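Novice: next input, structure requested:
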Amino acid sequence: MTDPRTVADAAAVATALTAHGYLPDEGLATSIFLALRLERPLLLEGEPGVGKTEVARVLADWVGGPLVRLQCYEGIDAAQAVYEWDHARQLLHLRTAEATGRAVDTTDTALEDELYDERFLVRRPLLQAIAAGDGPPPVLLIDEVDRADDEFEAYLLEILADYSVTVPEVGTFRAERPPVVIVTSNRTRDVHDALKRRCLYHWVEHPDPAREVAIIALRAPEVGERLARQVAAATESIRAVGLYKPPGVAETIDWARALTLLGDDELVAEHVEATLGTLLKYREDQDRVRDHDLRALVAGARAAHA
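Specialist: Numbers count the residues shown, from 1 in each chain. Sure thing, here's the model as predicted:
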């Protein structure tokens with residue numbers, strides 16, 4: 001359990017995240033350090049699969065707080081993101097009061113107060129993170145904010161400004177200490193400047209081959225070093241082909257594990273062909289890689305890392 005306000009420097013962040021299975025580069029470690037010490041949200045943008053969401057999961061493991069995830073999508077509103085009332089339980093409470101005759105002896109105002117008691121309040125992710133109470137701060141992951149509507153983004157900006165939520169029937173919930181907030185975007189559209197100004201910002205790139213080899217070694221130690229180097233080199237070449245969905249780090253790790261399970265300690269053209277579905281999840285991407293001479297790509301990776 002770590003108090004994020006006491007983290008010494010970016011090197012301490014990098015060491016801690018590596019110990020929890022995530023290998024950040026210097027720029028990402030520095031951005032996380034500053035976000036923790038300044039208690040500001042961190043906006044991570046980048047292509048799908050570069051490890052943005054994983055940052056929040058690893059941070060939660062490190063600081064010891066719960067991970068609270070808000071998955072954004074088109075049409076999301078306060079009922080899904082902040083709170084709503086459990087109407088089924090409210091109705092059951094009302095019918096119980098009527099059945100026992102208590103409703104007759106209770107004023108309308110008192111009965112209404114009972115219906116809007118906090119026990120009937122369903123806390124959605126934003127309210128969960130703000131009203132977390134004592135203990136380590138939660139890590140609030142606002143995932144794929146670029147999928148949400150402009151109106152929701154504006155509402156989100158208000159909440160991140162003072163970390164408070166007002167429920168008219170109950171009162172105002174205010175965070176005793178700000179949660180650790182990670183906002184991610186795949187940049188399917190531009191996030192508003194106002195939200196960017198509220199956050200620290202970092203663009204997450206695909207790792208270079210050397211760092212991807214280190215990531216494979218960290219996450220899949222059963223994979224041999226030679227195979228890991230060849231897989232990383234081949235993946236870099238495949239990403240450069242111009243695919244609809246370039247493979248992410250998770251797909252690279254899966255591919256290396258799959259080849260290891262097939263008994264390979266280096267790339268074998270037949271097995272690369274057979275396991276291409278672990279790396280590329282769209283048929284069009286697989287066809288495009290094959291059209292670029294997959295066997296030549298394999299031979300190049302093997303020659304470079306024999």
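Novice: number of nearby residues for V13?
Specialist: 26 (other CB atoms under 10 Å). For glycine as for every other residue, the C-beta is placed from the backbone atoms N, C-alpha and C.
Novice: who are the packing partners of the helix or strand hosting it?
Specialist: For V13, the element it lies in under DSSP states H and E is helix 10-19. Using 3 or more CB pairs under 8 Å, 6 or more residues apart in numbering; DSSP states H and E, the elements in contact with helix 10-19 are helix 26-38, helix 52-63.
Novice: tell me the contacts of the nearest residue to A131 once chain neighbours are set aside?
Specialist: Excluding the flanking residues, the one nearest A131 by CB to CB, 6 or more residues apart in numbering is F173, at 4.4 Å. Applying CB atoms under 8 Å, 6 or more residues apart in numbering, we find F173 in contact with 127, 130-131, 164-167.
Novice: V191 against E153, yeah?
Specialist: Yes: the pair V191 and E153 passes the contact test of CB atoms under 8 Å, sitting 7.1 Å apart.
Novice: quickly list the domain ranges of the protein.
Specialist: Following automatic domain parsing, the chain resolves into domains at 4-82+124-203, 83-119, 209-304.
Novice: mind checking the end-to-end distance for the longest one?
Specialist: I take that to be domain 4-82+124-203. End-to-end span of domain 4-82+124-203 (CA to CA, to the nearest Å): 22 Å.
Novice: which ones are touching the residue lying closest to D61 once chain neighbours are set aside?
Specialist: Excluding its sequence neighbours, the residue lying closest to D61 (CB to CB, 6+ apart) is H20, at 5.0 Å. By CB under 8 Å, 6+ apart, H20 lies in contact with 58, 61-62.
Novice: show me where the stretch 1-150 of the chain has strands.
Specialist: Ranges of strands in the stretch 1-150 of the chain, per DSSP state E, counting those that start in this stretch, are 42-45, 67-71, 83-85, 121-123, 139-143.
Novice: remind me what the fourth one packs against, helices and strands.
Specialist: Of the remaining helices and strands, those touching strand 121-123 by 3+ CB pairs under 8 Å, 6+ apart are strand 83-85.
Novice: repeat for the first one
Specialist: Based on contacts counted as 3+ CB pairs under 8 Å, 6+ apart, the elements that strand 42-45 packs against are helix 26-38, helix 52-63, strand 180-185, strand 200-203.
Novice: tell me which residues of the helix holding V13 are tucked away?
Specialist: 10, 13-14, 16-18 (16 or more other CB atoms under 10 Å).
Novice: now do stretch 41-57
Specialist: Result for stretch 41-57 [16+ other CB under 10 Å]: buried residues 41-47, 49-53, 55-57.
Novice: same check on stretch 16-33?
Specialist: Buried, per 16+ other CB under 10 Å, within stretch 16-33: 16-18, 22-24, 28-33.
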